[in-house]
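> Build me a model:
(one chain, ligands or ions: 2)
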Amino acid sequence: MTQPQPWDLLVVGGGSAGIVSAKTAVKLGASVLLVESHRTGGDCLWTGCVPSKSLLAAAHHVAHARRGAEVGVHVGDITVDFAAVMAHVRSAISTIEPIDTPEALEADGITVVSGRAVFTSPHTADVNGKSVRFRQALIATGAAPILPPIPGLNNALTSETVWDLDELPARLLVIGGGSIGCELSQAFARLGSDVTLVEAGPRVLPAESPAASRIINDVLEHDGVTIHTGQSVSHIEGTRAVLSNDDTVEFDQVLVAVGRAARTDKLGLDAAGVRVNDHKQVMIDRHLRTTNPRIWAAGDVTPLPQFTHTAGTFGSLAASNAVLGIRRKVNTALIPRVTFTDPEVASVGESTPTVNSRLREHTVTHDHLDRAVTENSTRGFSSLVFDRKSRLVGATVVSPRAGETIGELTLAMKLGLRSRDLAGTIHPYPTYNDGAWNAAIADTRDQLASPAAKRTFSVLTGIRRKWLKTKNKSV
Ligand SMILES: Cc1cc2nc3c(=O)[nH]c(=O)nc-3n(C[C@H](O)[C@H](O)[C@H](O)COP(=O)(O)OP(=O)(O)OC[C@H]3O[C@@H](n4cnc5c(N)ncnc54)[C@H](O)[C@@H]3O)c2cc1C
Ligand SMILES: NC(=O)c1ccc[n+]([C@@H]2O[C@H](COP(=O)([O-])OP(=O)(O)OC[C@H]3O[C@@H](n4cnc5c(N)ncnc54)[C@H](O)[C@@H]3O)[C@@H](O)[C@H]2O)c1
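Residues are numbered from 1 along each chain as shown. Ligands and ions are numbered 1, 2, ... in the order given. Below you'll find the predicted structure:
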């Protein structure tokens, strides 16, 4: 860590944002010190995306085995070996981990130090009792689960501790019906827990369109989850939760998933001249610069959407702005998101337009989407939103693997493609992507049926008719 010159970039936090930013900066020729207080890889690898998707994969196997009977395949009794499921979760983590180890990062030219970084001035930080000078720094300390102040809430599981379970809870109470609440409710219900989900908002997945929420609500109930929306837990007495409408829920374990708060405490941000907002998130401008012009921030510690792909992409953007002195801006209109329930809910940009909006929406429900019919998975839809110039400005897809479809639609938005560009692109048959393709075709047909287009076609047809008549006479 000894360095006569200040570090070109000090990266605080070795999760998705910190690792990608350090890799970008070092490739640009900067000297980079990355300080991580716990373990490199961050939440995504250890307690977030990787374990949750691995648990869901096991849970979806159970559901598919059960549903086999619908297509004539009868599977006998299904038993879940929860210890083996958790071994699969740990095995996925250890397979992915090697790319994020300190050794792998050092091999890339990054200096990695294990310890807590605390800013001591606008251009220095304390790391393990040593003062570190930096020309630029990047804050990437992530976020931690919020514990709501519910009287009697003790020993609650969170997304940080649920992975330590070695026994499947018989009765699981999940507080919060956002991405974590829905994904883990479905996973535990399918694995055999009796799950009750309490969501304070009027519907589960409140950030998604009402149609998407409705499907996920129904699917979760079909999986056996009891859902209370518009309710919160007012207090807990032992293993009994009392809801705001006085209903009671008996449970063995409670999992809290009501959002995640930025890790900005005890980071010396005042000394560094870095301001935080009312939610204690690091305030940033469109270039990801904080209120200290030599300090940048990316990932869950900022007010931007909390995803691994945003942490990585914006970490890289912030690092290149810091190291090269360029002014790349974040584009928040182009952030796709996926909730990995079965079916998946994937969306980007604008959702359902309001009545007076200048946007229009085309929705194809999957009850007649051939791939969905062949797989008996018709509960879903593809919905595209277009502006007045027919450019794609938003999409929501609910289907198996909807997350794969949303990448294409995000690229189409980024390139400013119109419905006819999408409609005119041959898509392989039969795929779930046909849903979005058919929505674009429907929009293009509507445009062709407009009075102006009809007039143009009628003129062209008339000219063609006359030309053919003349040609036939001359033959
Ligand atoms: C259950 C769950 C499922 C998720 N699923 C998905 C998903 O499917 N797709 C998706 O895109 N996102 C998902 N997310 C979100 C995703 O995990 C986060 O958005 C992402 O990990 C944020 O990365 P980060 O680098 O900002 O923070 P983190 O990964 O949290 O990294 C921050 C690091 O900083 C370290 N640190 C903190 N303070 C200090 C300090 N003072 N000094 C040094 N180091 C410090 C921490 O130890 C940590 O390693 C999920 C999250 C959860 C909880
Ligand atoms: N698939 C993914 O990409 C994925 C998966 C999991 C998590 N994440 C990220 O992690 C973040 C945090 O996830 P999360 O699910 O904890 O947060 P969230 O913000 O997505 O959802 C929290 C939910 O809890 C509800 N809520 C808040 N207080 C409540 C209370 N007292 N009682 C009952 N309900 C309450 C909210 O209305 C909201 O619906 C997400 O915003 C997302 O960015 C992403």
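
> could you list every residue that touches Q281?
When the contact criterion is CB atoms under 8 Å, 6 or more residues apart in numbering, the partners of Q281 are A262, T264, V301, T302, P303. Where you see a C-beta, it was placed from the backbone N, CA and C, and this is true even at glycine.

> to the chain's geometric centre, what's the distance from stretch 199-217?
How far stretch 199-217 lies from its chain's middle: 16 Å, per CA atoms, centre = their mean, to the nearest Å.

> anything in it near ligand 1?
No: Stretch 199-217 is not in contact with ligand 1 by CB under 6 Å from any ligand atom; minimum separation 13.5 Å.

> Same question for stretch 330-337.
No: using CB under 6 Å from any ligand atom, stretch 330-337 stays clear of ligand 1, with a minimum separation of 7.5 Å.

> Check stretch 103-120 too.
Yes: contact of stretch 103-120 with ligand 1 (CB under 6 Å from any ligand atom) involves R116, A117.

> Put the alpha carbons of that stretch into CSV.
In CSV, the C-alpha atoms belonging to stretch 103-120 read as follows (Å, rounded to 0.1, in the frame of the first residue of the first chain):
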residue,chain,number,x,y,z
GLU,A,103,-5.6,-12.1,-5.9
ALA,A,104,-7.5,-11.8,-9.2
LEU,A,105,-7.9,-8.0,-8.8
GLU,A,106,-4.2,-7.7,-7.9
ALA,A,107,-3.4,-9.7,-11.0
ASP,A,108,-5.2,-6.9,-13.0
GLY,A,109,-2.8,-4.3,-11.4
ILE,A,110,-5.1,-3.1,-8.6
THR,A,111,-3.7,-2.8,-5.1
VAL,A,112,-6.2,-4.3,-2.7
VAL,A,113,-6.2,-3.7,1.0
SER,A,114,-8.5,-5.3,3.6
GLY,A,115,-9.7,-2.7,6.1
ARG,A,116,-12.2,0.1,6.6
ALA,A,117,-11.5,3.4,4.8
VAL,A,118,-12.6,6.6,6.7
PHE,A,119,-12.1,10.0,5.0
THR,A,120,-10.0,12.4,7.1
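
> and the residue of the chain found nearest ligand 2, how many neighbours?
Distances between the chain and ligand 2 by CB to the nearest ligand atom are smallest at G178, namely 1.9 Å. Number of residues near G178 (other CB atoms under 10 Å) recorded here: 19.

> hang on, it packs against A200?
No: look at G178 against A200 with CB atoms under 8 Å: they stay out of range, at 10.2 Å.

> any common contacting residues for these two?
V258.

> quick one, what contacts the residue of the chain closest to ligand 2?
For G178, the contacting residues are L205, P206, A207, A257, V258, G259, by CB under 8 Å, 6+ apart.

> so what's the last one up against?
By that I understand G259. Counting by CB under 8 Å, 6+ apart, G259 makes contact with P145, I146, G176, G178.

> how about a cut-off of 6 Å?
I146 (CB atoms under 6 Å, 6 or more residues apart in numbering).

> pLDDT score assigned to it?
On the pLDDT scale, G259 is placed at 98.

> Please name every helix or strand in contact with the worst-scoring helix or strand of the chain on mean pLDDT.
The least trusted helix or strand in the chain, going by mean pLDDT, DSSP states H and E, turns out to be helix 451-474, with a mean of 86. Judged by 3 or more CB pairs under 6 Å, 6 or more residues apart in numbering; DSSP states H and E, helix 451-474 is in contact with no other helix or strand.

> per-residue confidence at the closest residue to E160 other than its chain neighbours?
Of all residues not flanking E160 in the chain, T47 sits nearest, at 5.0 Å (CB to CB, 6 or more residues apart in numbering). Per-residue pLDDT puts T47 at 98.

> Count the residues that sit near T47.
T47 has 21 neighbours, counted by other CB under 10 Å.

> Name the SS class of the closest residue to D370 other than its chain neighbours, please.
Nearest residue to D370, sequence neighbours excluded (CB to CB, 6+ apart): P430, at 4.2 Å. The three-state label given to P430 by DSSP: H, G, I helix; E, B strand; the rest coil is coil.

> Can you read off the backbone torsions of P430?
Main-chain dihedrals, P430, degrees, to the nearest 10: phi -100, psi 130.

> Measure how buried it is and give me the count.
Neighbour number of P430 under other CB under 10 Å is 14.

> That one contacts A372, doesn't it?
No: between P430 and A372 there is no contact under CB atoms under 6 Å: 8.7 Å.
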